[in-house]
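# Pasting the sequence and the predicted model now:
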Amino acid sequence: MDEREQISILTRCLDQAYNILRREYYEMRPNYNYYPFIPMHSRAALEELIIAQDHFTKLGMDIRALRFLDVGCGLGNIMEIAGGIGFQSFGIEYNEGLIHKALFTTFKMDKKVLKNEMEGVFFGDAFKFNFYDQFNVIYLYRPVRDPVLEGKLEQLIENEMAVGTIYIANDKIKPIEKSSKFKVLLRGKRLPMWIKVKNS
Ligand SMILES: C[S@@+](CC[C@H](N)C(=O)[O-])C[C@H]1O[C@@H](n2cnc3c(N)ncnc32)[C@H](O)[C@@H]1O
């Protein structure tokens, strides 16, 4: 069995475990305006994050100095992968129960200095977060159920993030292909990965 197959098996097991926790939270806290915690497949996220890592490594940047942010991080499952790869790993989550289950350090939404922090979750509403410009990779997997609101959140993040940031938006609702502010990260790969190239 080659390494890829082994990774596949391990990530499937991991996703099953997350799904058990997910069901628990779905039953306890149904909220029909927002998606409950539904984990992105670990295998797919791992591949995307390795591509992001390669991009920065080719630019001669040290991954350990770069910040990753998962908007709507749930249990921090994707944060764990990003942190494992070497990024400083952060999340935003408004469901307190999920954050506590994940045992990440929690920050208030207005925390300004991240210099000494290597990981942690901002507790609160992603619409009220003011620091999207401080991250090198911004990741999301359809946090908001309502398509109009989801489009608004995507717009907010895309406006605020810094030039050079890698944007991974799985199951994105708002088309980005024609935006001159973003370029597809890997042509021909059909991945939901872009890089911000200009502000306006
Ligand atoms: C589909 S899950 C994605 C979990 C994880 N990012 C992944 O990819 O596996 C979406 C998460 O976004 C959170 N969420 C939804 N709207 C939010 C908001 N406005 N602010 C913060 N978190 C939000 C939900 O509580 C849920 O945990």
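Sure, I can see it. Numbers count the residues shown, from 1 in each chain.
# which ones are touching K101?
Contacts for K101 (C-beta atoms under 8 Å, 6 or more residues apart in numbering) come out as L21, L75. The C-beta positions use only the backbone N, C-alpha and C, and glycine is treated the same way.
# quick one: what helix or strand has it in it?
helix 96-102 (DSSP states H and E).
# what separates the closest residue to E96 other than its chain neighbours from the ligand, distance-wise?
The spatial neighbour of E96 that comes closest, neighbours along the chain excluded (C-beta to C-beta, 6 or more residues apart in numbering), is F123 at 6.4 Å. Distance, F123 to the ligand, by C-beta to the nearest ligand atom, to the nearest Å: 9 Å.
# Pull out the buried positions in the helix holding K101.
Within helix 96-102, the residues that count as buried by 16 or more other C-beta atoms under 10 Å are L98, I99, K101, A102.
# and the ligand, which of the residues you listed contact it?
Contacts with the ligand within the buried residues of helix 96-102, as defined by C-beta under 6 Å from any ligand atom: L98.
# ok, the closest residue to the ligand within the chain - contacts?
Nearest residue of the chain to the ligand (C-beta to the nearest ligand atom) works out as G72 at 2.3 Å. Contacts here follow C-beta under 8 Å, 6+ apart; on that basis G72 touches Y35, G91, I92, E93, A126, L140, Y141, P143, V144.
# Kindly indicate the member of the residues you listed with the most neighbours.
G91 (30 neighbours; other C-beta atoms under 10 Å).
# Work out for me the element it sits within.
strand 88-93.
# Which secondary structure elements does that strand sit against?
Contacting strand 88-93 under the criterion 3 or more C-beta pairs under 8 Å, 6 or more residues apart in numbering; DSSP states H and E are the following elements: strand 67-71, helix 77-85, strand 119-123.
# Need the pLDDT of the residue nearest to L114 when sequence neighbours are not counted.
Computed as C-beta to C-beta, 6+ apart, the closest residue to L114 that is not its neighbour in sequence is Q134, at 6.4 Å. As predicted, Q134 sits at a pLDDT of 96.
# mind checking how far the lowest-mean-pLDDT helix or strand in the chain is from the chain centre?
Within the chain, judged by mean pLDDT, DSSP states H and E, the helix or strand with the poorest mean is helix 96-102; its value is a mean of 79. Distance of helix 96-102 from its chain centroid, counting by C-alpha atoms, centre = their mean, to the nearest Å, is 17 Å.
# Same check on stretch 175-189?
18 Å.
# In it, which residues are buried?
Residues I176, K181, F182, L185 are the ones in stretch 175-189 that count as buried (16+ other C-beta under 10 Å).
# Would you mind extracting the C-alpha trace of it into CSV?
Output in CSV follows, covering the C-alpha atoms of stretch 175-189 (Å, rounded to 0.1, in the frame of the first residue of the first chain):
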residue,chain,number,x,y,z
PRO,A,175,-18.1,34.1,-8.5
ILE,A,176,-14.6,35.3,-8.4
GLU,A,177,-13.3,34.2,-11.8
LYS,A,178,-13.8,37.6,-13.5
SER,A,179,-12.4,39.6,-10.6
SER,A,180,-9.1,41.3,-11.6
LYS,A,181,-8.2,41.4,-7.8
PHE,A,182,-7.6,37.6,-7.8
LYS,A,183,-5.7,35.0,-9.8
VAL,A,184,-6.3,31.3,-9.8
LEU,A,185,-3.4,29.8,-7.9
LEU,A,186,-2.8,26.7,-10.1
ARG,A,187,-4.1,26.9,-13.6
GLY,A,188,-5.7,23.7,-14.9
LYS,A,189,-6.1,22.2,-11.5
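# Thank you, goodbye.
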